[in-house]
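> Build me a structure from this.
(3 chains)
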Amino acid sequence: MSVIQTIKIIERVVLGKMTELPSTAMALYETIKDLRIVSPHGHCDPTWWADDNRFPDPAALLIQPDHYVFRMLYSQGIQLSDLGIGPDGQSRDPRDVFRLFAKHWHLFLGTPSRYWLEHTFHNTLGVDEPLCLENADIIYNDIAQKLAGPDFRPRALFDKFGISLLATTDPATSQLNDHLKVANSQWNGRIIPTFRPDDLLNPTRSAHSQAISTLAERTNLDVSSYQSFLDAIRIQRAVFRDAGATATDHDVPDLATCWLDPASISALHQQAFAGTITPNDAKKYYGHMLIEMAQMSAEDGLVMQIHAGSRRNTNHELFHAIGPDVGADIPGSTDWVGGMDALLNRVGNDPNLRIILFTLDESTYARELAPMAGHWPCLRIGPPWWFHDSLNGIRRYFDNVVESAGYYNLAGFNDDTRAFLSIPARHDLWRRGVALHLSDQIDRGVLDRSAAENLGQLLAHDLAVDSYRLKL
Amino acid sequence: MSVIQTIKIIERVVLGKMTELPSTAMALYETIKDLRIVSPHGHCDPTWWADDNRFPDPAALLIQPDHYVFRMLYSQGIQLSDLGIGPDGQSRDPRDVFRLFAKHWHLFLGTPSRYWLEHTFHNTLGVDEPLCLENADIIYNDIAQKLAGPDFRPRALFDKFGISLLATTDPATSQLNDHLKVANSQWNGRIIPTFRPDDLLNPTRSAHSQAISTLAERTNLDVSSYQSFLDAIRIQRAVFRDAGATATDHDVPDLATCWLDPASISALHQQAFAGTITPNDAKKYYGHMLIEMAQMSAEDGLVMQIHAGSRRNTNHELFHAIGPDVGADIPGSTDWVGGMDALLNRVGNDPNLRIILFTLDESTYARELAPMAGHWPCLRIGPPWWFHDSLNGIRRYFDNVVESAGYYNLAGFNDDTRAFLSIPARHDLWRRGVALHLSDQIDRGVLDRSAAENLGQLLAHDLAVDSYRLKL
Amino acid sequence: MSVIQTIKIIERVVLGKMTELPSTAMALYETIKDLRIVSPHGHCDPTWWADDNRFPDPAALLIQPDHYVFRMLYSQGIQLSDLGIGPDGQSRDPRDVFRLFAKHWHLFLGTPSRYWLEHTFHNTLGVDEPLCLENADIIYNDIAQKLAGPDFRPRALFDKFGISLLATTDPATSQLNDHLKVANSQWNGRIIPTFRPDDLLNPTRSAHSQAISTLAERTNLDVSSYQSFLDAIRIQRAVFRDAGATATDHDVPDLATCWLDPASISALHQQAFAGTITPNDAKKYYGHMLIEMAQMSAEDGLVMQIHAGSRRNTNHELFHAIGPDVGADIPGSTDWVGGMDALLNRVGNDPNLRIILFTLDESTYARELAPMAGHWPCLRIGPPWWFHDSLNGIRRYFDNVVESAGYYNLAGFNDDTRAFLSIPARHDLWRRGVALHLSDQIDRGVLDRSAAENLGQLLAHDLAVDSYRLKL
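Prediction:
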């Protein structure tokens, strides 16, 4: 290495440059940044690829559906109606919304949202100028124009992004028509469903009763009987598997699995069916149903995802005025050892079972999740989720889980997003986080360069394929 | 950059030098280190500036009132009486106390107390030699001599430190005579009070009954009636606002806000007034009163500070022998989402309300506080408090809160000290922590240099002004 | 420093090299890496040195007894019986076991087990080739041959490792025959016992009843009487002290000390003795007994170790099939302030008492343990334990405890291992972690080089001697 090169490295370290990484990290990042994307868990709408309509205006695409974005604006005193959100915001001009967003762009400094959006502006939408109030209209027009063209339709973008496979998350009673439409189309993109039975299994959810009725309709079974209810669920799981699903997903606000004897669970099912179950019994019922789901997963091989610890809709006024997903879901602490005890001791040693655990309580990484995943054959630790899907969140994740769980008990990355355009940015941020982590491991003598490169490929791509039992 | 410069940077990194920072951090630190100091929360005694008497001897100034200092000495077997603390220590020669402290100076290696005191010795008191047992008497004499002179009186030091404004913390029943005396003096220093109503609102506090009586006396209201009690509090809030207060402060050992119906809260108030309230009801009563305070803040604009999670006086023997604040207050875990739920759902969307939350449970930074502050318009996250007001504490704070809360939902810095001489040192340590954080953000590509410089100014000065609604 | 040296430093930072550290850290590491080893807490079998028999085959030495190793293999679907563990694995060829382990060696990337084993292979067993399936048999043979020779017997290795003193952990009822045999031998190695009374004090342990009987037998006292029971324990403590013990050890799954009045504790003792005590009362009983132990420690000077927060045997199927210690002990959260309250307020200010606290809940480091150790004269914080005895675990430990507890309220290092051959590796990893921590402190201006070197010596060796009151 010449003196000039030496100085260049120093200069870069000293001066810093946006989106550059320290040199070992950069070299590792180069080996993984262009790998294809596998997206085994997220909340994109399958209709996008079924119909391949063009996306709506920039505000409706980038701001209004993104709770990361509007929650931050709301936290600084901007009304959701001024962002065109909720009943009072319906008539808002999307151009005004975009301008209001641009005016407050500085609020996002230091957040992953800023990185995701800059990446999307630059890499996907070809916007090179930094956003500000003055150029908001120009950038709005530029994006709107692009969205009107054929290169920015859902299928074209999917191909451009280099996505091998994308999983949506679908109600367990879905007929998966959008997925069938994609499958029967000429287009080769792979969109698979994920089986999400929360509305069926958790009686405290507002859609519970409707979901039960729909299940009965779909399966022609008398789901008031507990055994028939289980049969009906098995039928729908098979429908999903036939459409390519490899996983289920469970939103568990308060993790507490428990196994009830047949008489008790049947009785609780009657009450759940009748809508008379108490909140406390509803929790027990859902705790039992999670074990039933684990048992079905051990049978049919669907990978079970447990997302635990989000306290939903904590802002009652906004919930009543607008609905769920308005940025007021706040994490709480989670007891993974106690909460999973009944499930694991019933089915946790089954070699066919795989469960991926996602936490919002990072204090459990080193204390509970890593020791658990480093023991139970069924468990893998999901990537940093939601508020923790960020550069520091990724750093904390690796620092806390690897030493007890190793790398092979992790589940790779998934973007978990409903913002389709952010998918490349999210995978890119993960890959940067992976590179930074691995270079730290090299610096401290834990890994050599060759092992780090192998692990880079594993973490950026292969582990997700393996963890979700995907056939590419 | 020349090879020689290159080598110098390397040498510095390799060899290390006390109080030097890595170069990007140092460059950022240079841009903020001389900014004026705003101190919007702390526990200095307003009498100091009202009377402008000289400070007492070095031991009484630097050691005996500083629980950070004597708790560490006590933890290593030194009796508090040998430090001149408590009834048994009254006759101790301050020179002996200072010598005992100097002998154990090594115990403070790695602690912020060491940094604060070294900064105070060097920058304020002009002591250049490292303290040790051998020079303890010389340094004592040197400091004592300086304290006797006019340059080290409270007002002169306040001016020398470059303090724009300093807030004290005052009982809600105070007549604020010291503040009025300062205001009516020729001196231009700004000392403002902070409204602290804990003794009035929390029936478990030993001064509760006395505080209630004093309130009645001050306001000539029959505070046995709940409505008059609220009116009396409003009167005192107005007294504080008139004296320049912009904030209230609440010490909440166990956070659990709750809203009671009029009959229940009136009944509990009767019991609190009569001194017959049970501990459990006292907790409910205080939980309700915090919401009343939030509602008054939404009306009168006083910023509400909640300091939660300190378990007070855990060493009963010392408490009975000496009293509170002897270094035995130990943090516990805090449930911010549950504890703030009733308050936020009653008044949390009010655009005029501002609440600054201070935690001693860092596991809540990323899990609860940052998501909450990134949603609720009233919330800001206070800087690292007490045990966490340290270089690592500052690192953990930024690493854990910025990605979900951004920078603009933070409250800037406040020193929260009763040790006046440590104020410049504490702000300096914060500014170093800010510089180290921002340079880490640059290194990882999160911020560019220009954004980092703007944020440096914001974090070191402007955010505190804005968060506390100060008029400078 | 020449340009060439400069470039070399850069190259090393850029390229990374296994087991090299950044240069300041490396320089500090060099000053402590060859210090003698003090091992004041661990689970080695004293019989090894009493009999000085050669160790068994490589699998029985390195794999089968190491729950860190086989838990990871089990987590990836390998049956314990295939590793020769449990009743079903008794006939397994150790060569097959070693081969299976070698095949899955990649699973340990990033874990301390990998570091410990590589260090043992390289430094102790002279195996230079990286392990893989292809060379597994060769390496097995190589190790087996070495174990057969005189240089690899327990006493020879003890001397070779540079161990000044090693403490075992022994049932409180032990007659310490192995220790007496060592003491009466020609060999000079110092092996001391540690008094572990859990089986006597915690009625929920399966060996409780047997332990009580054995105690009666050893002491000829009627231990059904509570006072005689305490006397019997005092007798056994004296037996241990006479054999060189300086400490006791307590495994506390769920920390909750409490002090009961004489009538209550006598009544509970009757029930514990009769085997009729309820689980809830058993917890109270054990909570009281811990305080009795602390009081005895204040009397006889034995250092009390509390290891809290491990939920034992969480995999019931494996527990019933194989037994305890199969890798299914998972940490839970611990309330140190509440859990220690009764004990500390009874005896915590006694100048003769020393208690070392070990946690598996790292969220308590900065929140509870460091503030507690920075106040109570009896407390020291034990080194990172079990899952946290790792490079990141050490980093988190120092980052979280030093600023409130200082360095002198820490307990130095202990390896806590039952894997004798890993002792040098574990102390080496700790020393690397110490060097990395201290160099970070230098880089950020917290310590100068000279202070860092003194603290290196303290943390790597002297603090353990002092904390455990060892006479070397």
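> any low-confidence regions in chain A?
Scanning chain A for pLDDT under 70 picks out the ranges A:1-20.
> same thing but 80
The model of chain A has pLDDT under 80 over residues A:1-22.
> That one: strands as residue ranges?
Assigned by DSSP state E, the strands in chain A fall at A:37-39, A:163-167, A:170-171, A:191-192, A:195-196, A:247-252, A:303-308, A:310-311, A:330-331, A:355-359, A:379-381.
> Enumerate every residue touching the nearest residue to A:Leu201 once chain neighbours are set aside.
Computed as CB to CB, 6 or more residues apart in numbering or on different chains, the closest residue to A:Leu201 that is not its neighbour in sequence is A:Met289, at 4.1 Å. Placement of C-beta: from N, CA and C, glycine included. For A:Met289, the contact set (CB atoms under 8 Å, 6 or more residues apart in numbering or on different chains) comprises A:197, A:201-202.
> rewinding a little: between the strands of chain A, which gets nearest to A:Val465?
Evaluated over the strands of chain A, closeness to A:Val465 peaks at strand A:37-39, with 5.7 Å, by CB to CB.
> Tell me the helices and strands packed up against that closest one.
Here strand A:37-39 touches strand A:163-167, helix A:423-443, going by 3 or more CB pairs under 8 Å, 6 or more residues apart in numbering or on different chains; DSSP states H and E.
> Need the winner for burial among these.
helix A:423-443 (a mean of 24; mean count of other CB atoms under 10 Å in any protein chain shown).
> Is any residue of stretch A:114-134 near chain B?
Yes. Against chain B, stretch A:114-134 shows contacts by CB under 8 Å from any CB of the partner chain at A:Tyr115.
> What is the distance between that stretch and the centre of its chain?
23 Å (CA atoms, centre = their mean, to the nearest Å).
> before we move on, what about stretch A:337-348?
Counting by CA atoms, centre = their mean, stretch A:337-348 comes out at 24 Å from the chain centroid.
> follow-up on the earlier one: what would the helices and strands packed on strand A:37-39 look like in CSV with distance to chain C?
Converted to CSV, the helices and strands packed on strand A:37-39 look like this (distance: least, CB to the nearest CB, whole Å):
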stretch, distance to chain C
strand A:163-167, 24
helix A:423-443, 3
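> Return the member of the contacts of A:Met289 nearest to chain B.
Nearest to chain B among the contacts of A:Met289: A:Asn202, at 19.8 Å, using CB to the nearest CB.
> Which one of the strands of chain A lies nearest to C:Ser310?
Nearest to C:Ser310, of all the strands of chain A, is strand A:379-381, at 18.4 Å by CB to CB.
> so how far is the closest one off the chain centroid?
16 Å.
> Take the helices and strands packed on strand A:37-39 and write them to CSV, including distance to B:Arg36.
Below are the helices and strands packed on strand A:37-39 laid out as CSV (distance: least, CB to CB, whole Å):
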stretch, distance to B:Arg36
strand A:163-167, 53
helix A:423-443, 37
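> which residues touch the spatially most central residue of chain A?
Nearest residue to the geometric centre of chain A (CA atoms, centre = their mean): A:Asp416, 1.6 Å. A:Asp416 is in contact with A:41-43, A:385-386, A:389, counting by CB under 8 Å, 6+ apart.
> Return the residues of the stretch 351-472 of chain A in contact with chain B.
Close to chain B, as judged by CB under 8 Å from any CB, the stretch 351-472 of chain A has residues A:360-363, A:387-388, A:390-393, A:395-396, A:432, A:436.
> Mind doing that once more with 10 Å?
A:359-364, A:386-393, A:395-396, A:429, A:432-433, A:436 (CB under 10 Å from any CB of the partner chain).
> What about A:Phe158, how many residues nearby?
24 (other CB atoms under 10 Å in any protein chain shown).
> Provide a list of residues in contact with the closest residue to it other than its chain neighbours.
Of all residues not flanking A:Phe158 in the chain, A:Gly189 sits nearest, at 4.8 Å (CB to CB, 6+ apart). Shown in contact with A:Gly189 (CB atoms under 10 Å, 6 or more residues apart in numbering or on different chains): A:49, A:52, A:154-156, A:158-159, A:163-166, A:182.
> quick one on the thing from earlier: JSON lines for the strands of chain A, including distance to A:Arg114?
Below are these laid out as JSON lines (distance: least, CB to CB, whole Å):
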{"stretch": "strand A:37-39", "distance to A:Arg114": "21"}
{"stretch": "strand A:163-167", "distance to A:Arg114": "23"}
{"stretch": "strand A:170-171", "distance to A:Arg114": "31"}
{"stretch": "strand A:191-192", "distance to A:Arg114": "29"}
{"stretch": "strand A:195-196", "distance to A:Arg114": "30"}
{"stretch": "strand A:247-252", "distance to A:Arg114": "27"}
{"stretch": "strand A:303-308", "distance to A:Arg114": "25"}
{"stretch": "strand A:310-311", "distance to A:Arg114": "23"}
{"stretch": "strand A:330-331", "distance to A:Arg114": "21"}
{"stretch": "strand A:355-359", "distance to A:Arg114": "24"}
{"stretch": "strand A:379-381", "distance to A:Arg114": "27"}
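> returning to what we had before: which of the contacts of A:Gly189 sits closest to C:Asp341?
A:Leu166 (53.3 Å).
> pretty sure that closest one contacts A:Arg190?
Yes. Counting by CB atoms under 10 Å, A:Leu166 touches A:Arg190, with 7.1 Å between them.
> Overlap in contacts, those two.
Shared contacts of A:Leu166 and A:Arg190, defined by CB under 10 Å, 6+ apart, comprise A:38, A:49, A:158.
> wait, which of these is closest to B:Leu80?
For the shared contacts of A:Leu166 and A:Arg190, the nearest to B:Leu80 is A:Val38 (62.6 Å; CB to CB).
> what's the closest non-adjacent residue to that closest one?
Sequence neighbours aside, A:Ala464 is the residue nearest to A:Val38 in space, at 4.8 Å (criterion: CB to CB, 6+ apart).
> which ones are touching the one you found?
A:37-41, A:164-165, A:383, A:410-414, A:427, A:458, A:470 are the contacts of A:Ala464 under CB under 10 Å, 6+ apart.
> Taking the stretch 101-250 of chain A, what residue is nearest to chain B?
Closest point on the stretch 101-250 of chain A to chain B, by CB to the nearest CB, is A:Gly110, at 4.3 Å.
> quick one, domains of chain A?
Following automatic domain parsing, chain A resolves into domains at A:21-54+A:152-467, A:55-151.
> so which of the ones you listed is the most packed in?
domain A:21-54+A:152-467 (a mean of 21).
> Tabulate the shared contacts of A:Leu166 and A:Arg190 (TSV), appending distance to C:Gln90.
Listed next are those as TSV, based on distance: CB to CB, whole Å:
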residue	distance to C:Gln90
A:Val38	43
A:Trp49	57
A:Phe158	56
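> Among those, find me the one that's closest to B:His316.
Closest to B:His316, out of all of these and judged by CB to CB, is A:Val38, at 59.0 Å.
> wait, isn't the closest one in contact with A:Ala460?
Yes. Contact criterion CB under 10 Å: A:Val38 and A:Ala460 qualify, at 9.5 Å.
> Give the residues shared as contacts by those two.
Counting by CB under 10 Å, 6+ apart, the residues touching both A:Val38 and A:Ala460 are A:412-413, A:427.
> show me the contacts for the single nearest residue of the stretch 151-300 of chain A relative to chain C.
The stretch 151-300 of chain A approaches chain C most closely through A:Trp259 (12.3 Å), counting by CB to the nearest CB. Counting by CB under 10 Å, 6+ apart, A:Trp259 touches A:265, A:287-288, A:290-292, A:341-343, A:345-347.
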